[in-house]
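**Q** this one's sequence-less:
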């Protein structure tokens with residue numbers, strides 16, 4: 001697969017609702033079915049790392065199911081909130097009212 005040009009933004013993660021299931025149950029299922037690592041996990045959400053994207057598992061009422069994009073333009077969408085994992089972002093809606101998270105680029109060491 002060709003590397004994306006620098007001018008493209010990055011689809012960082014896709015967040016899906018666990019519904020009535022527990023985060024632990026969902027993490028276990030995904031880890032049994034696929035090769036992935038757990039980046040973060042608590043009682044209300046988890047982040048799984050796959051080769052090409054992260055998958056967030058979220059509980060209803062904590063985070064909406066959404067797409068999370070890293071973009072250097074994130075602050076253009078409004079004031080960014082710092083999250084417990086250290087990322088900074090703002091939630092907006094696309095024209096069809098789908099939740100979209102605009103994240104500032106994550107600094108890597």
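**A** On my side now, so go ahead. Since the model is a prediction, treat every value here as computed from it, not as a measurement. Numbers count the residues shown, from 1 in each chain.
**Q** how about the helices in the protein?
**A** Ranges of helices in the chain, per DSSP state H, are 23-33.
**Q** quick one: low-confidence parts of it?
**A** Low-confidence segments of the chain, defined by pLDDT under 70: 1-6, 108-109.
**Q** please enumerate the strands of it.
**A** Remark: strands assigned in the chain by DSSP state E are 10-17, 37-41, 45-49, 54-58, 66-70, 81-82, 88-93, 99-103.
**Q** from the chain's centre, how far out does the first one sit?
**A** To tie it back to what came earlier, the one meant is strand 10-17. Chain-centre distance of strand 10-17: 4 Å, with CA atoms, centre = their mean, to the nearest Å.
**Q** give the other helices and strands that it contacts.
**A** Applying 3 or more CB pairs under 8 Å, 6 or more residues apart in numbering; DSSP states H and E, we find strand 10-17 packed against strand 54-58, strand 66-70. Yep, even glycine has a C-beta here, placed from its N, CA and C like the rest.
**Q** in its sheet, what does that strand sit against?
**A** strand 54-58 (parallel), strand 66-70 (antiparallel) (DSSP bridges).
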